[in-house]
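> give me a 3D structure for the following:
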Amino acid sequence: MSFTKTRWTGLGLATWLLVVLLTGCGTTANPTTNITPAAATSNDTLVVYSGRSEALLNPVIAAFEKANPTIKVQLKAGKNNELAAAILEEQANPQADVFITTDMLTTINLATQQALMPYQIPGTDAIPSEYKAADATWTSVTARARVIMYNRDLVQADEVPTTIQGLTDPKWKGKIAAANSSNGSFQAQVAVMKQLLGDTQTTAWLAGLIANEAQFFGSHSDVRKAIGSGEFALGLVNHYYYELQAREDSDNNVGVVYPDQGVNEMGVVINTTAVGIINNAPHPKAAELFSAFLFLPTTQALFAELNYEYPLIPGVATVPGLTPLENLKKAQIDMLALAENVPDAVKMMQSAGIP
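All right, here's what the predicted structure looks like:
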């Protein structure tokens with residue numbers, strides 16, 4: 001996976017959102033999620049590099065600082081690949097303690113380059129093995145599924161493709177929206193297709209999107225809004241973008257299909273957010289404490305209620321109406337091989353003409 005130089009955005013605490021979320025989290029805690037990491041040194045300043053948006057992490061940071069008043073968190077948010085580049089550039093003198101990513105494959109890449117420290121996070125035993133490193137260098141925090149979102153005013157439910165490959169049907173020409181080739185979730189999906197379907201079918205699928213004059217946006221937020229407004233009929237997004245659009249005050253007449261659920265179909269593509277402690281982090285004890293905090297039931301509930309993601313800790317509820325993760329046929333993949341496939345997947349996307 002190629003990385004470029006980092007750039008940052010600032011820190012701002014969304015305290016009003018914290019109050020709303022913490023008072024609304026009525027989830028049931030599983031006894032195995034009790035967290036007892038080592039104590040942190042007083043007056044630590046913990047530096048967190050995050051590919052996640054500030055709006056989502058600020059409530060978590062505020063809750064952590066309230067629970068740990070001697071620790072202050074400095075958040076530096078940016079794109080996953082740019083942050084990963086910074087971590088690699090800083091390996092001789094690490095400037096950050098924790099890395100949080102929206103793309104599990106980025107942490108796999110960093111772990112293979114000895115950039116992450118092994119740490120068995122308390123309370124994560126029940127997380128499926130495919131969602132965490134065998135050597136404990138990274139652990140998935142939440143899961144998301146790749147889905148087809150559609151505008152109900154433009155498409156009937158029984159017309160929506162039930163497979164990802166159905167998007168190449170010429171009937172959808174000029175009606176499809178997706179993220180561009182720099183998007184980590186889209187990159188991961190193409191890498192999955194490359195692994196399960198082979199280069200020939202994957203290349204043909206990408207060519208089919210181009211032939212169908214699909215529009216590629218800089219973010220999934222743009223995609224979901226374009227579907228909601230009726231600019232496009234279909235969109236390829238992570239599941240929670242559908243959930244977000246469906247809850248908008250307007251442009252909310254949207255539907256969703258979890259694709260490839262048939263007997264001979266590959267299953268829906270699942271990716272995860274993930275966390276890892278940076279090797280030789282300046283504040284390792286504080287980093288351990290923060291990492292463990294992400295897996296408290298109340299913290300997992302923040303991710304579920306704020307962004308409609310799938311918690312990975314048992315006993316934490318998803319939002320009402322969300323298709324249960326355990327009910328889905330999921331693509332069965334080799335994660336290490338998948339991470340290695342990403343650079344080739346990006347080249348395939350760009351060679352096909354996806355910006």
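> what helices or strands is the host helix or strand of Arg144 leaning on?
Here Arg144, judged by DSSP states H and E, is contained in strand 139-151. Judged by 3 or more C-beta pairs under 8 Å, 6 or more residues apart in numbering; DSSP states H and E, strand 139-151 is in contact with helix 184-197, helix 220-229, strand 234-238, helix 239-246, strand 254-257, strand 270-278, helix 297-307, strand 310-311. In short, each C-beta sits where N, CA and C put it, glycine included.
> which one of these lies nearest to Ser129?
Nearest to Ser129 among the helices and strands packed on strand 139-151 is strand 270-278; the distance by C-beta to C-beta comes to 12.7 Å.
> and the next helix or strand after the closest one, what other elements does it pack with?
Next along the chain after strand 270-278, taking DSSP H and E as the criterion, comes helix 284-293. Where contact means 3+ C-beta pairs under 8 Å, 6+ apart, helix 284-293 is packed against strand 44-50, helix 54-67, strand 71-77, strand 98-101, strand 270-278.
> so helix 284-293 versus strand 270-278, what angle?
Put simply, helix 284-293 runs at 160 degrees to strand 270-278, going by axes from the mean of the first three to the mean of the last three C-alpha atoms, to 10 degrees.
> pull the CA atoms of helix 284-293 into CSV?
Backbone C-alpha positions of helix 284-293 (Å, rounded to 0.1, in the frame of the first residue of the first chain) are rendered in CSV as follows:
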residue,chain,number,x,y,z
PRO,A,284,2.7,3.4,26.2
LYS,A,285,0.7,3.0,29.5
ALA,A,286,-1.7,5.8,28.5
ALA,A,287,-2.0,4.3,25.0
GLU,A,288,-2.9,0.9,26.6
LEU,A,289,-5.6,2.6,28.7
PHE,A,290,-7.1,4.5,25.8
SER,A,291,-7.1,1.4,23.6
ALA,A,292,-8.9,-0.6,26.2
PHE,A,293,-11.4,2.3,26.7
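> so where's the protein shaky on pLDDT?
Residue ranges of the chain with pLDDT under 70: 1-43.
> domains for it, by residue range?
What the record gives for the chain is the domain set 15-143+272-325, 144-269+331-352, from automatic domain parsing.
> how far out from the middle of the chain is the last one?
To tie it back to what came earlier, the one meant is domain 144-269+331-352. Mean-position distance between domain 144-269+331-352 and its chain equals 15 Å (C-alpha atoms, centre = their mean, to the nearest Å).
> any idea how far apart the tips of it sit?
26 Å (C-alpha to C-alpha, to the nearest Å).
> in CSV: the helices and strands packed on helix 284-293, plus mean neighbour count and distance to Tyr131.
Formatted as CSV, the helices and strands packed on helix 284-293 follow (neighbours: other C-beta atoms under 10 Å; distance: least, C-beta to C-beta, whole Å):
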stretch, mean neighbour count, distance to Tyr131
strand 44-50, 22, 19
helix 54-67, 19, 19
strand 71-77, 19, 23
strand 98-101, 26, 13
strand 270-278, 25, 6
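> to Asn327, which of these lies closest?
Using C-beta to C-beta, the helices and strands packed on helix 284-293 put strand 270-278 closest to Asn327, at 12.7 Å.
> now the closest one - C-alpha only, PDB.
C-alpha atoms of strand 270-278 as PDB (Å, rounded to 0.1, in the frame of the first residue of the first chain):
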ATOM      1  CA  ILE A 270     -17.000  -6.600   5.600                       C
ATOM      2  CA  ASN A 271     -14.300  -4.200   6.600                       C
ATOM      3  CA  THR A 272     -13.500  -2.800  10.000                       C
ATOM      4  CA  THR A 273     -12.100   0.100  11.900                       C
ATOM      5  CA  ALA A 274      -9.100  -0.800  13.900                       C
ATOM      6  CA  VAL A 275      -6.700   0.400  16.600                       C
ATOM      7  CA  GLY A 276      -3.000  -0.200  17.200                       C
ATOM      8  CA  ILE A 277      -0.400   1.200  19.600                       C
ATOM      9  CA  ILE A 278       2.600   2.600  17.800                       C
END
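> in TSV: the helices and strands packed on strand 139-151, plus distance to Ala111.
Output for the helices and strands packed on strand 139-151, formatted as TSV (distance: least, C-beta to C-beta, whole Å):
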stretch	distance to Ala111
helix 184-197	16
helix 220-229	26
strand 234-238	23
helix 239-246	26
strand 254-257	33
strand 270-278	7
helix 297-307	22
strand 310-311	23
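> noted, bye for now.
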